[in-house]
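only the shape, not the letters, is given here:
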């Protein structure tokens, strides 16, 4: 069976009535790149001064060069251009899709659409949509047998929080911009492409996944693209060309392939936010899971919220120590001469018998056993310490390896060990961990860069770069050969030598 030929599609932002400018550009693109099957327009198709140009197309004096599909009004002034709320042909080759629904092309491409801007009113004004509209649209599509998602979603507003986990859209604050209802719709319909406009900027977000890594069957990724307005003086991109094979005609394995730059789903994170507060944290460059089940009995669930965007637990009082604790700051046993800095919830201390003179520990002031037990306030302060240490060590020409040594320990210790930038790269450190894992017969599974650790932590232990490493014992440095010490490099230690100090018990 021959593979279906992909469709060639153009998407456009706010036209604002500049029909001649738009269609002239479309003709130029086709002259250079060949024929396109359709043009999809989001945002304001009509503008305040549209009537003169529009009359030529409405009367048939001019014709759109390719089939053009548009969304409805976003304000009271342009409602009159859309005579039928259920959709209709406005002019030859120009079709109004309707208030909401699903358009299926003859080629099998499925395009979900929602016209207007968000409203809290019931009923919503003719140029708006409300919760009822979104609920009914979702219900009509999700009830379809074997529903996997749609090929394209068209909305005029951006989805709220679309920038979470992703590249910045410049001056647009995605925590405030856009519609929460559109976010909810996108999360449910899982569009392969989602186009929006209204903000007068071009923004192509990194693709995001629609499944939970290691817990759900892989699904296709989604891409969000916001487009600028036609003919804008800033030369921002308003026309986007892409090729797409309808989902129903694709090989399932090809459909679910994950690009390297895929991120976590921004809307799933927002849904979790209603259950528990989140703290904004820097994401790691690379992370691994390792399975200890084969050699060490039952798996020990573990995660490292302090090292990635995560969902901390509700604030709670730390448990009280069962006996003397060297690391509780209020304990008479704590060695306070090693303390470097004291915050509200955490403190920084030099390591007693550290691998290097600047080997430090990040510790909670309260008696928490591991990162998974930390409250959101403590996690937030841990992140601040990590960021400060990153800047400090970089000013000294170093990067750090960070891991949690959570083995027979009743008080959390985040070990922070600096290594010279010119002695090893992050890739060297990663390869060292992989090599040591292979020697210990531990299976590592790499997860993508922008993953949300909280979604994949169940029943799994975590190693992350920069590096939390759980369930580890500790070898005395003097018992282990070290290439740096053999070479008499005083005060330096490489990534390999750090690995040699660590042993799975």
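On my side now, so go ahead. Since the structure is predicted, the reported quantities are computational estimates derived from the model, not experimental observations.

only C-alpha atoms for contact and neighbour calcs from this point on.
Will do.

can you pull out the strands in the stretch 101-250 of the chain?
Ranges of strands in the stretch 101-250 of the chain, per DSSP state E, counting those that start in this stretch, are 110-114, 117-118, 128-129, 152-155, 193-196, 203-204, 223-226, 239-244.

with respect to residue 421, which of these lies nearest?
Among these, strand 203-204 comes nearest to residue 421, with 32.9 Å by C-alpha to C-alpha.

just checking, what packs against that closest one?
For strand 203-204, the helices and strands in contact under the criterion 3 or more C-alpha pairs under 8 Å, 6 or more residues apart in numbering; DSSP states H and E are strand 223-226.

which residues sit against the strand it packs on?
By C-alpha atoms under 8 Å, 6 or more residues apart in numbering, the residues outside strand 223-226 that reach it are 13, 158, 191-197, 201-208.

contacting residues around the spatially closest residue to residue 123 that is not a sequence neighbour?
If the residues on either side of it in the chain are set aside, residue 123 comes closest to residue 130, at 7.9 Å by C-alpha to C-alpha, 6 or more residues apart in numbering. By C-alpha under 8 Å, 6+ apart, the contact set of residue 130 is 118-124, 181.

quick one: residue 171 from residue 389, how far?
According to C-alpha to C-alpha, to the nearest Å, residue 171 and residue 389 sit 29 Å apart.

find the nearest non-adjacent residue to residue 364, please.
Of all residues not flanking residue 364 in the chain, residue 346 sits nearest, at 4.2 Å (C-alpha to C-alpha, 6+ apart).

surely the one you found meets residue 361?
No: using C-alpha atoms under 8 Å, residue 346 is not in contact with residue 361, being 10.3 Å away.

and residue 79, how far is that from residue 438?
65 Å.

settle it for me: which of these two has more neighbours?
The neighbour comparison of residue 79 against residue 438 (other C-alpha atoms under 10 Å) goes to residue 79, with 15 against 12.

before we move on, back to that, could you export the strands of the stretch 101-250 of the chain as a markdown table, including mean neighbour count, mean pLDDT and distance to residue 354?
Formatted as a markdown table, these follow (neighbours: other C-alpha atoms under 10 Å; pLDDT from 0 to 100; distance: least, C-alpha to C-alpha, whole Å):
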| stretch | mean neighbour count | mean pLDDT | distance to residue 354 |
| --- | --- | --- | --- |
| strand 110-114 | 23 | 98 | 59 |
| strand 117-118 | 24 | 98 | 57 |
| strand 128-129 | 24 | 97 | 61 |
| strand 152-155 | 26 | 99 | 55 |
| strand 193-196 | 24 | 99 | 51 |
| strand 203-204 | 18 | 98 | 46 |
| strand 223-226 | 22 | 98 | 46 |
| strand 239-244 | 15 | 98 | 55 |
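
nearest to residue 425, of the ones you listed?
When the strands of the stretch 101-250 of the chain are compared by C-alpha to C-alpha, strand 203-204 sits nearest residue 425, at 30.2 Å.

got the contact list for that closest one?
Applying C-alpha under 8 Å, 6+ apart, the contact partners of strand 203-204 are 169, 223-227.

how does it look with 6 Å?
169, 225-226 (C-alpha atoms under 6 Å, 6 or more residues apart in numbering).

do the same with stretch 103-120
Here stretch 103-120 makes contact (C-alpha under 6 Å, 6+ apart) with 71-74, 99-102, 127-130, 150-155, 246.

try stretch 52-69
Contacts for stretch 52-69 (C-alpha under 6 Å, 6+ apart): 38-40, 91, 93-96.

for residue 23, state which of the residues you listed is nearest.
Nearest to residue 23 among these: residue 39, at 9.9 Å, using C-alpha to C-alpha.
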